[in-house]
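Undergrad: can't give you the sequence, but here's the structure:
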């Protein structure tokens, strides 16, 4: 992607789309969270992203600064564990975008975000948390760009698929972290709300990336390269 | 002097725990609650915790007692964002706060001795 203005516009569009999507899914996320948690995930994220959008809407800042402001606002406005997990991790990872948004810096952002979520929350794969969607997504994105030399949009699309499989993986397993872990075996049979909202956000990022990155990719990938399955991905 | 901050999802719980712990800490104890969210909901707030740490840390470092999940994460964030030297005690919030208050009142109290006192509450049997 080219200049700062376009990147700013893309980032603001992403914040807007994510905010709209979370508002649409608010009820559903809260339903998921009432099954295995404290029933506040939809409302918390909706409030957080609403305030984040208001904070950056007419911003003239650099894209990295806008992303950071979104993180800072989520930390202040969310109130549940998603505040530090989403907001704090976005804050930290935004540093990777300071030189602009490229295929490489987006991989660095994704990795920094995943690392912070894992450090902050202490969850590992299989604990039935957002980490179960995020880890395969970030690994797939990195591999698709660095090893397979796919375009960022194609890579992100594969990452979204991986996140979706990650969400499905959370359904039949027992929670070991977060509020759901207090339910023990009763947590089995429900998808994790944090993994689900992670997927929704990634789907919106993919939509925006497709809109802004078409024909303008850093890695010069063969867009029609057949998407290979990657056995074992996400298994750490 | 070592200050204490009690973080709970409920502002009432945080205030109540401070009330009980303050009995152990004497008049000079600096025990500050940081419960609930800024708009009064159940939850925790990094901003509220940060403000509480600053208040409790006016004359020394601060030990932070926490209840569940986001309390731990928001307390970590609050410590990272602020300038006061502070640590989280890996302790049950009420018993830990009592032990910490009793120790913090002593003239030889250090950040480590108060944290250790709080963490010693983890193994206390009630029956």
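TA: The structure has been received and is ready for your questions. As the structure is a computational prediction, the values presented were derived from the model and not from experiment. Numbers count the residues shown, from 1 in each chain, chains lettered A, B, ... in the order given.

Undergrad: Quick one: list the elements packing against the longest helix along chain B.
TA: Longest helix in chain B by number of residues (criterion: DSSP state H): helix B:11-25. Counting contacts by 3 or more CB pairs under 8 Å, 6 or more residues apart in numbering or on different chains; DSSP states H and E, helix B:11-25 is packed against strand B:3-8, strand B:31-35, helix B:93-104. To be clear about C-beta, it is placed using only N, CA and C from the backbone, and glycine gets the same treatment.

Undergrad: would you list these in a markdown table and tack on mean neighbour count?
TA: Converted to a markdown table, the helices and strands packed on helix B:11-25 look like this (neighbours: other CB atoms under 10 Å in any protein chain shown):
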| stretch | mean neighbour count |
| --- | --- |
| strand B:3-8 | 30 |
| strand B:31-35 | 25 |
| helix B:93-104 | 25 |
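
Undergrad: which one of the ones you listed lies closest to residue A:5?
TA: In terms of CB to CB, the element of the helices and strands packed on helix B:11-25 nearest to residue A:5 is strand B:31-35, at 41.5 Å.

Undergrad: who does that closest one pair up with?
TA: Using DSSP bridges, strand B:31-35 pairs in its sheet with strand B:3-8 (parallel).

Undergrad: So what angle separates the directions of the partner strand and helix B:93-104?
TA: 180 degrees (axes from the mean of the first three to the mean of the last three CA atoms, to 10 degrees).

Undergrad: circling back to that earlier point, report the mean confidence score over the longest helix of chain B.
TA: On average, the pLDDT along helix B:11-25 is 94.

Undergrad: next one: stretch A:177-187
TA: On average, stretch A:177-187 scores 94.

Undergrad: And the contacts of that stretch?
TA: Residues outside stretch A:177-187 that contact it (CB atoms under 8 Å, 6 or more residues apart in numbering or on different chains): A:36-38, A:81, A:121-123, A:127-129, A:174-175, A:190, A:192, A:194, B:68-69.

Undergrad: Ok, stretch A:50-63 next?
TA: A:4, A:7-8, A:10-12, A:15-16, A:19, A:23, A:65-66, A:69-70, A:73-74, A:76-77, A:97-98, A:100-101.

Undergrad: Out of those residues, which are close to chain B?
TA: Among those, proximity to chain B is found for residue A:76 (CB under 8 Å from any CB of the partner chain).

Undergrad: Tell me which of the contacts of stretch A:50-63 fall in strands.
TA: Assignment to strands by DSSP state E places none of the contacts of stretch A:50-63 there.

Undergrad: sorry, back to before: let's have the helices and strands packed on helix B:11-25 in CSV, adding distance to residue A:44.
TA: Listed next are those as CSV, based on distance: least, CB to CB, whole Å:
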stretch, distance to residue A:44
strand B:3-8, 17
strand B:31-35, 17
helix B:93-104, 22
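
Undergrad: Tell me how far the longest helix of chain B lies from the chain's centre.
TA: Per CA atoms, centre = their mean, to the nearest Å, the displacement of helix B:11-25 from the mean C-alpha position of its chain is 10 Å.

Undergrad: what separates the spatially closest residue to residue A:17 that is not a sequence neighbour from residue A:16, distance-wise?
TA: Using CB to CB, 6 or more residues apart in numbering or on different chains and skipping the chain neighbours, the partner closest in space to residue A:17 is residue A:204 (4.3 Å). Distance, residue A:204 to residue A:16, by CB to CB, to the nearest Å: 9 Å.

Undergrad: Of these two, which one has the most company?
TA: Between residue A:204 and residue A:16, residue A:204 has the larger neighbour count (other CB atoms under 10 Å in any protein chain shown), namely 21 against 16.

Undergrad: Up against chain A, what does chain B have?
TA: Proximity of chain B to chain A, by CB under 8 Å from any CB, involves residues B:37-38, B:41-47, B:68-70, B:73-74, B:76-77.

Undergrad: Now a ChimeraX select for only the buried ones of those residues.
TA: Entered in ChimeraX, the line below selects the buried ones among these, by 16 or more other CB atoms under 10 Å in any protein chain shown:
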select /B:37,41,42,43,44,45,46,47,68,69,70,73,74,76,77
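
Undergrad: Now do the same contact list for the spatially closest residue to residue A:121 that is not a sequence neighbour.
TA: Once flanking residues are discounted, residue A:121 sits nearest to residue A:85: 5.6 Å by CB to CB, 6+ apart. Residue A:85 is in contact with A:117, A:120, A:121, A:130, A:194, B:73, counting by CB under 8 Å, 6+ apart.

Undergrad: buried residues in the longest helix seen in chain A?
TA: What stands out as the longest helix in chain A, according to DSSP H, is helix A:4-36. The neighbour-count check on helix A:4-36 (16+ other CB under 10 Å) flags A:7-8, A:10-12, A:14-19, A:21-22, A:25-26, A:29-30, A:32-33, A:35-36 as buried.

Undergrad: related to what we said a few turns ago, now list the buried members of the contacts of stretch A:177-187.
TA: For the contacts of stretch A:177-187, buried by 16+ other CB under 10 Å: A:36-38, A:81, A:121, A:123, A:127-129, A:174-175, A:190, A:192, A:194, B:68-69.

Undergrad: In helices, which of these fall?
TA: Those of these lying in helices (DSSP H): A:36, A:121, A:194.

Undergrad: from the residues you listed, which single one is nearest residue B:52?
TA: residue A:121 (22.4 Å).
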